[in-house]
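> Mind folding the following:
(chains A and B)
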Amino acid sequence: MLAFNLAYKNLLGAGLRTWLNVSVLSLAFVLIVFYNAMIDGWNRQSRDDTQDWEIAQGQYWHPDYEKYDVYSLNDAHQQLSEQTQQIVDKGVLVPELIQQATIYPQGRMQSVLLRGIPKEQEVLKLPTDCLLSPNKPNVAIIGKRMAKAAKLQKGDAVLLRWRDKNGTFDARQFTIAAVFNCDVAEADQGQFYVDYQLMQEMMGFTNEATLLVSKLEQNPTIDHWTFQSADRLLKELDDLINSERISGMIIQMILLMIALLAIFDTQVLSIFRRKKEIGTYIALGLTRQQVVGIFTIEGAMHSLLAALLGAIYGIPFFIWVNSIGINFGSADMGITIAEKVYPYYSLRLVVLSVIVVLVSSTIVSYIPARKIAYLKPTDALKGK
Amino acid sequence: MDDKVIQLQSLTKRFPVGNGYFTALTDINLELQKGEFAGLVGPSGSGKTTLLNIIGSLDVPSEGTATVLGNSIAQLSQKQAAHLRNHHIGFIFQTYNLLPVYTVYENVEFALLLQNMSANDRRKSVMQALEWVGLTDKEKSKPSMLSGGECQRVAIARSMVKKPQIVLADEPTANLDSKNSHHILQTMQTLNEELGVTFVFSTHDEKVMQYLKRKISLADGRVVKDETVMADSV
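As a prediction, the model looks like this:
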């Protein structure tokens, strides 16, 4: 307690020097928390959006289905068994039939993934109810990115060409029933959604599907279907976001290093200038190790003051940012990111950040303070 | 009962200088009794401060023995030496060495904090020590707000607050004018007489010498004269 009290008084006694160090360190602290909160916020939003729009609680894949191999689509479809159909009928599994196709917007040719999805499904956020159109039998929905790329909008007609189960080309005019706004690029770019029943009829694949999207928390084993958990399907997204986190850490570390360098410099100067004080402590009955402790605590307390100062201006800043979000514009980056990202501050993040700053500032405070242990008290009293 | 608080036998102190050694003290043999008001006198470089540092367990002899309150200084661990200084030895320095960020009260209290004394007892002891030196009205002042004489009185209070058996004062009047010098010397003399604390000075100030009851003269690291002065000479 004595060491804390003395360190606190010495810090405040040092005036501007202390506050400069504390300010730089608090800035590093706030930025570390903010950056990581942004990454966490992005991660949470992206995961939630991807689950809402694309994968739900997981997917059952046809054994031959390869997400990034369009050629696998030709063979990656099979009939739903009676048992599977029963689960589908409960509304907890959504069958999707996926095939390659081509659209011809304004005479241009564009490859798309033709996805048949039940218009009555409620597992994914896709506005499939728009596929229910008694007046126009051939309607489709597309995402805003797809609409932009194909220069299509709601109500436009576009020619779709595909091969049926016999490899025969067929084509129909489709009307865009809705253009949905979704942050998940995977559910939008190059995707052309039509009704599941209609697609079965177009392809000649009766009661067949490529994959089944599940909303079940506990997913049973279904024969001839390979279950892909949500965590597994989100792994690429997690990896991408973590790589962003790591690249951000480099900048955070540089900022933290600058702040720590200032503390280190202050400690070196402090020990050099306060030798007489060190000698006095020893003369008054402190051991040299206790004096090392006082100086280390003094340096480390920069981080506690920085945390307090950071909280004073950081908390209102965090609350404000959280209320407005950070705008990422059109978010046409090919990755799942919301137009507005809201930082997510967890207790774990704040505690971890405090620990990182506290431990690192304690280490840089201790390194120069170690010298005191080798200082002769008689020399220290002379200020040598 | 043995009243010897300091015993120095054949004490020699050498410091390494370049490839050789500089001998600061040679064959010092001294004994100081409880309650003495003694001074190590001599010119600069005669070894006064070195001897005071060894008595204060801030340094160790190169040869011979220094026994303070029954403790052989050379045998003490860092922790034991710190305990001896904290509980039994008070220091007064030429430049006061007050902690600038602490108030007068806190500077005096510092030594007691290390002794884990209760807050109530600390308060009583600190106020008593400040009363001895006549600074009760300055308890909340910082050292920077005090005169040199007042700073030295705070240093005396700090050294006395733990009621040590020995007070070592290294040139305590060197930075003070005549009036303040006499004031603090009278204070120390009173404390010596009333509390029976042993005072050992290092000085070459004539004003201090007037108050000493025993003068140990040093020259070139040797005791050249050890005389007892009549108490009524001041």
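
> Please enumerate the strands of the chain.
The chain I'm using is chain A. Ranges of strands within chain A are A:58-61, A:78-79, A:93-104, A:110-117, A:139-143, A:157-163, A:169-180, A:191-195, A:208-209, A:211-214, A:226-229, A:326-327, A:340-341, based on DSSP state E.

> switch to chain B, that's the one I care about
All strands of chain B, identified by DSSP E, fall at B:4-17, B:20-33, B:37-41, B:63-68, B:71-72, B:89-92, B:166-170, B:198-203, B:214-219, B:222-228.

> Out of those, which is closest to chain A?
strand B:89-92 (4.5 Å; Cβ to the nearest Cβ). The C-beta positions use only the backbone N, C-alpha and C, and glycine is treated the same way.

> Against which helices or strands is the closest one packed?
Packed against strand B:89-92 by the contact rule (3 or more Cβ pairs under 8 Å, 6 or more residues apart in numbering or on different chains; DSSP states H and E) you find helix B:148-160, strand B:166-170.

> Which strands and helices lie in contact with the last one?
To tie it back to what came earlier, the one meant is strand B:166-170. helix B:48-55, strand B:89-92, helix B:148-160, helix B:178-195, strand B:198-203.

> Make TSV out of those and add mean neighbour count.
Shown next, in TSV, are the helices and strands packed on strand B:166-170 (neighbours: other Cβ atoms under 10 Å in any protein chain shown):
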stretch	mean neighbour count
helix B:48-55	25
strand B:89-92	26
helix B:148-160	25
helix B:178-195	17
strand B:198-203	26
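
> could you dump the strands of chain B to CSV with mean pLDDT?
Converted to CSV, those look like this (pLDDT from 0 to 100):
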stretch, mean pLDDT
strand B:4-17, 94
strand B:20-33, 95
strand B:37-41, 95
strand B:63-68, 96
strand B:71-72, 96
strand B:89-92, 95
strand B:166-170, 95
strand B:198-203, 94
strand B:214-219, 95
strand B:222-228, 94
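
> what sits against B:Y102?
Applying Cβ atoms under 8 Å, 6 or more residues apart in numbering or on different chains, we find B:Y102 in contact with A:9, B:110, B:142-143.

> Next one: the spatially closest residue to B:K162 that is not a sequence neighbour from A:L284, what distance?
Once flanking residues are discounted, B:K162 sits nearest to B:A111: 4.8 Å by Cβ to Cβ, 6 or more residues apart in numbering or on different chains. B:A111 sits 5 Å away from A:L284, going by Cβ to Cβ, to the nearest Å.

> Now list whatever residues contact both of the two.
Residues touching both B:A111 and A:L284 by Cβ under 8 Å, 6+ apart: B:86, B:158.

> which one of those two has more residues nearby?
B:A111 (28 against 23; other Cβ atoms under 10 Å in any protein chain shown).

> can you tell me which of the helices and strands packed on strand B:166-170 the model trusts least?
The minimum mean pLDDT among these belongs to helix B:178-195 (a mean of 89).

> In contact with the residue of chain A found nearest chain B, which residues are there?
Of the residues in chain A, the one nearest chain B is A:G285, at a distance of 2.4 Å by Cβ to the nearest Cβ. A:G285 makes contact with B:82-83, B:85-87, B:111, B:114 under the criterion Cβ under 8 Å, 6+ apart.

> nearest to A:V351, of the helices and strands packed on strand B:89-92?
Among the helices and strands packed on strand B:89-92, the nearest to A:V351 by Cβ to Cβ is helix B:148-160 (41.3 Å).

> could you give the angle of the closest one to strand B:198-203?
Inter-element angle recorded for helix B:148-160 and strand B:198-203: 140 degrees (by axes from the mean of the first three to the mean of the last three Cα atoms, to 10 degrees).

> Output helix B:148-160 in PDB with nothing but the alpha carbons.
Provided in PDB are the C-alpha atoms of helix B:148-160 (Å, rounded to 0.1, in the frame of the first residue of the first chain):
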ATOM      1  CA  GLY B 148      16.200  25.500   4.800                       C
ATOM      2  CA  GLY B 149      16.100  25.700   8.600                       C
ATOM      3  CA  GLU B 150      12.500  24.400   8.600                       C
ATOM      4  CA  CYS B 151      13.400  21.600   6.200                       C
ATOM      5  CA  GLN B 152      16.200  20.500   8.500                       C
ATOM      6  CA  ARG B 153      13.900  20.500  11.400                       C
ATOM      7  CA  VAL B 154      11.500  18.300   9.500                       C
ATOM      8  CA  ALA B 155      14.500  16.000   8.800                       C
ATOM      9  CA  ILE B 156      15.200  15.900  12.500                       C
ATOM     10  CA  ALA B 157      11.600  15.100  13.300                       C
ATOM     11  CA  ARG B 158      11.700  12.300  10.700                       C
ATOM     12  CA  SER B 159      14.800  10.900  12.200                       C
ATOM     13  CA  MET B 160      13.400  11.100  15.800                       C
END
